[in-house]
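A.B. asks: what's the 3D shape of this:
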Amino acid sequence: MTEKREFYAASVEEAVARAAKDLGREQDELSYRVVDQGNSGFLGIGARDARIEVDAPPAAITEEPAVPETFSERPVAEEVTDDEDATEEESRSAAADIAPEPQEDAEDIPEEIVVEAEGRITALLDAMGFDARVEVYDAGGFVAVDVATEDTALFIGQKGETIDALQYLVNASINRTKTSRVRVVLDAEGYRQRRVEALQGMAHRSARKALREDRPVELPPMNPAERRVVHLFLRDNPRVMTESEGVGDSRRVRVSPA
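C.D. replies: I've put the predicted structure just below:
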């Protein structure tokens with residue numbers, strides 16, 4: 001009897017190589033199915049990893065220990081990162097909350113940085129062919145960029161991949177020569193707040209199910225920022241506990257009765 005395991009990488013070939021390494025087998029010994037060929041995107045924007053499904057004998061699977069990420073043990077302001085998954089994609093996801101709150105006591109952001117952010121995002125949108133209106137302002141601790149376009153769904157991308165990639169590019173380009181980090185948050189028609197609310201709704205339903213059925217409930221794989229939303233939302237619920245398990249793109253939150 002075999003079990004199914006999924007592997008992700010920049011290309012199918014790299015995913016196969018990763019599967020062979022993790023399973024301790026030669027590549028030509030693997031039986032796999034290509035689930036997604038992946039997409040390199042435009043200048044890295046909207047890129048999507050290739051994904052394969054591998055038939056693996058149970059004995060060949062070596063379970064990697066999950067690093068607990070019980071959020072109650074972490075300060076609220078601390079950024080959630082995964083020690084064993086310090087990839088660029090994970091790091092850039094963890095570098096910003098999905099929908100940060102303005103800070104009343106934050107120092108004013110220099111006007112030239114606001115202007116620079118507007119120029120960079122406008123240039124990116126023009127290069128991608130978006131007809132958009134851009135509003136950029138100091139939101140209290142970060143630079144907010146609100147984009148209005150008729151192609152909102154395309155601009156946001158599947159699961160926010162495009163808007164997150166653009167946000168990463170703008171942050172990387174602006175902070176390349178800065179001595180202190182400037183945070184730029186890109187949004188479109190309230191997408192980020194809606195995403196937070198959707199994650200909180202999922203967390204609430206999962207907690208109720210875990211209590212009703214008296215068993216752990218696993219949520220879908222999420223990036224660090226999304227997992228942080230779930231941990232924060234359920235942190236004050238004394239009847240459940242949350243922890244992250246898994247590695248890489250498969251890392252997810254598990255909600256268990258306390």
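A.B. asks: For the stretch 101-250 of the chain, which residues score under the pLDDT cut-off?
C.D. replies: Within the stretch 101-250 of the chain, no stretch has pLDDT under 70.
A.B. asks: Please, where are all the strands along it?
C.D. replies: Counting by DSSP state E, counting those that start in this stretch, the segments of the stretch 101-250 of the chain that form strands are 132-138, 143-149, 184-187, 217-218, 240-245.
A.B. asks: Restricting to C-alpha, output the third one in CSV.
C.D. replies: Below are the C-alpha coordinates for strand 184-187, written out as CSV (Å, rounded to 0.1, in the frame of the first residue of the first chain):
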residue,chain,number,x,y,z
VAL,A,184,4.7,49.5,2.4
VAL,A,185,1.4,47.7,2.4
LEU,A,186,-0.4,47.3,-0.9
ASP,A,187,-4.2,46.9,-1.0
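A.B. asks: Which neighbouring elements make contact with that strand?
C.D. replies: Judged by 3 or more C-beta pairs under 8 Å, 6 or more residues apart in numbering; DSSP states H and E, strand 184-187 is in contact with strand 143-149, helix 161-175. Every C-beta, even on glycine, is put in place using the N, C-alpha and C of the backbone.
A.B. asks: ok, back up a step: out of the strands of the stretch 101-250 of the chain, nearest to Pro100?
C.D. replies: When the strands of the stretch 101-250 of the chain are compared by C-beta to C-beta, strand 184-187 sits nearest Pro100, at 6.1 Å.
A.B. asks: in the stretch 101-250 of the chain, which spans are helices?
C.D. replies: In the stretch 101-250 of the chain, the segments counted as helices under DSSP state H, counting those that start in this stretch are 111-128, 152-156, 161-175, 191-213, 224-234.
A.B. asks: so which of the ones you listed is the most packed in?
C.D. replies: Comparing these by mean neighbour count (mean count of other C-beta atoms under 10 Å), helix 224-234 ranks first with a mean of 23.
A.B. asks: returning to that earlier point: compare the helices of the stretch 101-250 of the chain and give me the one nearest Val145.
C.D. replies: Nearest to Val145, of the helices of the stretch 101-250 of the chain and by C-beta to C-beta, is helix 111-128 at 5.5 Å.
A.B. asks: roughly how far out does the closest one sit from the chain middle?
C.D. replies: 23 Å (C-alpha atoms, centre = their mean, to the nearest Å).
A.B. asks: And the contacts of that helix?
C.D. replies: Helix 111-128 is contacted by residues 42-43, 45, 132, 134, 136-138, 143, 145, 147, 149, 166, 169-170, 173-174, 182, 184, 186 when judged by C-beta atoms under 8 Å, 6 or more residues apart in numbering.
A.B. asks: follow-up on the earlier one: so can I have CSV of the helices of the stretch 101-250 of the chain showing distance to Gln37?
C.D. replies: Below are the helices of the stretch 101-250 of the chain laid out as CSV (distance: least, C-beta to C-beta, whole Å):
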stretch, distance to Gln37
helix 111-128, 22
helix 152-156, 20
helix 161-175, 16
helix 191-213, 26
helix 224-234, 25
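A.B. asks: And the residue nearest the centre of the chain?
C.D. replies: Nearest residue to the geometric centre of the chain (C-alpha atoms, centre = their mean): Asn223, 3.1 Å.
A.B. asks: and that one, how far is that from His204?
C.D. replies: Using C-beta to C-beta, to the nearest Å, Asn223 is found at 20 Å from His204.
A.B. asks: thinking Phe249 is in contact with Ala9, fair?
C.D. replies: Not Phe; residue 249 is Asp. No - using C-beta atoms under 8 Å, Asp249 is not in contact with Ala9; the gap is 9.4 Å.
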